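A.B. asks: Predicted structure and sequence below. I'll ask about it afterward.
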Amino acid sequence: MDQSDLRRGLSDAAPLLPGVIPFGLVAGIAGVNAGIGFVATVAFSVFAFAGASQLAALELLSVDAPLAIVVLTATIVNLRLLMYSASIAPYIHDMSAKSKAIVAYLLTDMSYALSIVEFRGERSVDRRAYYLGAAVVPWAAWQAATAVGYLLGTGVPTTWQLDFAVPLVFLALLAPAIEDRAGVAAAVVGGGIAVGGAGLPMNLGLLVGAIFGICAGMGAATLGWNGDD
Amino acid sequence: MTTSYGLLSIAVVIGSIAVLTYAIRGSFIALIGQLGGVPSGLATALQFVPAAVLAALVAPAVLFSDPAGGLAIDRVIAGSVAAGVAWRTENILATMAVGMGLVWIIGVLI
């Protein structure tokens, strides 16, 4: 394993911590509010490891929604992971089955966004090393923050707007992700539709926006908008 | 308010979500290996996933702090300037520093 690529993954992911930690604290607090106990709260973060769906599920559990609805809602919230899986799969094609299993477990908005930009970049990189470095940072922070959040039972002041840190990271990654005018089309449509659907339940606005954005990119590509700008 | 569900129900819910989520995450990662590669139509579509998804993640968060709450002017301004920084530098720390700094300053001023 290339140590310097591993370290680069770690340091590239470090700026995400101010966004991940409060979010993790909220997942812990949500466990307190739903009354499921410390073990279940931590287990949720360890086994599901999907923040938005954890919060959605905990909220539904706290109002005694039917269990099938809880599971279905959480799953729909996580459907965007399908796109990440498809998108990153070709880049990790050569990894061992065990490595692929670990990559899959650690796949999140953040590990995906950091890695896809790195993998599509020009320099050659030990992808496994970089991905592990980048993914383990938010993973560890998430687990620790969930536990601490549960034990504290209180939150970080929302006026600090620490949740704004996460979209800023994605914004910084969006720039290199747009490689030509077709990419611009994908981003504009994706962002626009997501904004329009922002009020939809189960994070559907995100999913619908992304799908339309991909279609817009493909449409633009058939018009010849791809290739260098 | 706390749930009326017992520990077994909670365990089943968490376990189900974990299994389904892992299946989603692993789906194409496992399949691509079986298929021996990505069909070219799919490959074109996948090219646009990062741009579309990142934009879909960023845009609502820059416009609203809370979808029900209406337009967040502090975020719009901070986000727009941060977008310019992102464009020029492609640097995560610089974008974050500018964005967070501005959102705090504007939040204090408004």
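C.D. replies: Structure received.

A.B. asks: What residues sit buried inside the helix or strand hosting B:Arg88?
C.D. replies: Using DSSP states H and E, B:Arg88 maps to helix B:73-89. The neighbour-count check on helix B:73-89 (16 or more other CB atoms under 10 Å in any protein chain shown) flags B:Asp74, B:Arg75, B:Ile77, B:Ala78, B:Gly79, B:Val81, B:Ala82, B:Ala83, B:Val85, B:Ala86 as buried. (C-beta placed from N, C-alpha, C; glycine too.)

A.B. asks: Low-confidence stretches in chain A?
C.D. replies: For chain A, applying pLDDT under 70 flags the ranges A:154-160, A:227-229.

A.B. asks: For the longest helix seen in chain B, give the mean pLDDT please.
C.D. replies: Longest helix in chain B by number of residues, with DSSP state H as the criterion: helix B:7-35. The average pLDDT for helix B:7-35 rounds to 93.

A.B. asks: so how far is the helix or strand following that helix off the chain centroid?
C.D. replies: Sequence-wise, the next helix or strand beyond helix B:7-35 is helix B:40-47, with elements assigned using DSSP H and E. With CA atoms, centre = their mean, to the nearest Å as the basis, the distance from the averaged C-alpha position of helix B:40-47 to the chain average is 21 Å.

A.B. asks: picking that back up, how far off centre is the longest helix of chain B?
C.D. replies: Between the mean C-alpha location of helix B:7-35 and the chain-wide mean there is a distance of 20 Å, by CA atoms, centre = their mean.

A.B. asks: Now it: buried residues?
C.D. replies: Of the residues in helix B:7-35, B:10, B:13-14, B:16-18, B:20-22, B:24-30, B:32-33 count as buried by neighbour count, 16+ other CB under 10 Å.

A.B. asks: What residues does A:Val20 make contact with?
C.D. replies: If you count contacts by CB atoms under 8 Å, 6 or more residues apart in numbering or on different chains, A:Val20 has them with A:Met110, A:Pro138, A:Ala141, A:Trp142, A:Ala145, A:Val166.

A.B. asks: unless I'm mixing things up, the last one is touching A:Gly19, no?
C.D. replies: Spelled out, it's A:Val166. Yes - contact status for A:Val166 versus A:Gly19: in contact at 3.7 Å, counting by CB atoms under 8 Å.

A.B. asks: thinking again about what came up before, looking at the buried residues of helix B:73-89, spot the one nearest chain A.
C.D. replies: For chain A, the closest of the buried residues of helix B:73-89 turns out to be B:Ala86, at 4.6 Å, with distances computed as CB to the nearest CB.

A.B. asks: State the distance from the closest one to A:Ala175.
C.D. replies: In this structure, B:Ala86 and A:Ala175 are 5 Å apart, going by CB to CB, to the nearest Å.

A.B. asks: do the same with B:Phe48
C.D. replies: Taking CB to CB as the criterion, B:Phe48 is separated from A:Ala175 by 15 Å.

A.B. asks: Neighbour count: the two, which is higher?
C.D. replies: In terms of neighbours (other CB atoms under 10 Å in any protein chain shown), B:Phe48 is the more surrounded of B:Phe48 and A:Ala175; the figures are 32 against 20.

A.B. asks: That one and A:Gly219 touch, don't they?
C.D. replies: No - look at B:Phe48 against A:Gly219 with CB under 8 Å: they stay out of range, at 10.0 Å.

A.B. asks: Apart from its neighbours in sequence, what residue is nearest B:Gly70?
C.D. replies: Taking CB to CB, 6 or more residues apart in numbering or on different chains, and ignoring the residues beside it in sequence, B:Gly70 has B:Phe64 as its nearest neighbour in space, at 7.1 Å.
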